[in-house]
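1. What follows is a protein structure lacking sequence information:
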């Protein structure tokens, strides 16, 4: 019997949702470690900040685990999954998915310019511009916090499921670059694999996918879809057990 996206509640998915809930609970503390602005300020001051280190970790994790962070640990993921209660329509994709690439390239260029302009790294400060490591500690911080919440929620409420991930997320590109590096050097990495003998092309995996990807079609081609966040909802909902997590296999 086919299940809707919200009805896929395997132990793995329960753990994933719990981790997402915890990440959202901690978001007022962790907000600045995901900030695209704070790393610019750090560059101008010649400081390797917490956000700098977090983004480098995302890139490295992308090599081995793709966008797993997006599905298990990202507070924006939890917010968008909540927005599905209001709007669960698939977002329009295609060229719109490249908006985030343009944002990322311009932003990274600004960050590099700031560090080059400073000309030297003076220190490493993981808690740069936070108070005792906590991001939101005053009214000004709460204005930024709720502004970011709206920035994440509105695209999904208007455009459909995880529209912010598809169109605007500046963090996703670090993991996409990591995955591209994996492909370039033919390294093993986490992805969704398919048993073609079991798959009957029912496309149920697309119906339950939070990113609205026809993962069976992608996996049959031995390809990797850079929008896939490796959440495993397709794996846990496939009635014929045709989809599995894999670290090895054919990846173009």
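-> Arrived safely. These numbers come from a predicted model, not from an experiment. Numbering: from 1, shown residues only.
2. what does the helix-or-strand element of the chain with minimal mean pLDDT rub up against?
-> Least confident element among the helices and strands of the chain, by mean pLDDT, DSSP states H and E: helix 215-220 (a mean of 79). With CB atoms under 8 Å, 6 or more residues apart in numbering as the test, helix 215-220 has contacts from 192-194, 196, 199, 201, 203, 205-206, 209, 224-225, 228, 234, 242-243. C-betas here are computed from N, CA, C, even on glycine.
3. what does stretch 72-79 give?
-> 16, 19-21, 23-24, 26-27, 30, 70-71, 149, 152-153, 156, 162, 164-165, 169, 171, 229, 231.
4. Among those, filter down to the buried ones and hand me the ChimeraX syntax, if you would.
-> Buried residues among these (16 or more other CB atoms under 10 Å), as a ChimeraX selection:
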select :16,19,20,23,24,27,30,70,71,149,152,153,156,162,164,165,169,171,229,231
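5. which parts of the least confident helix or strand of the chain are buried?
-> For helix 215-220, by 16+ other CB under 10 Å, it's 215-219.
6. so of the contacts of helix 215-220, which ones are in helices?
-> 205-206, 234 (DSSP state H).
7. coming back round to it: just give me the closest of the buried residues of helix 215-220 to residue 96.
-> Residue 96 lies nearest to residue 218 out of these, by CB to CB, at 18.4 Å.
8. For stretch 136-146, list every residue counted as buried.
-> For stretch 136-146, using 16+ other CB under 10 Å, the buried residues are 136, 141.
9. can you check stretch 167-186 too?
-> Buried, per 16+ other CB under 10 Å, within stretch 167-186: 167-169, 171-179, 182.
10. Averaged pLDDT, that stretch. What do you get?
-> Per-residue pLDDT values over stretch 167-186 give a mean of 95.
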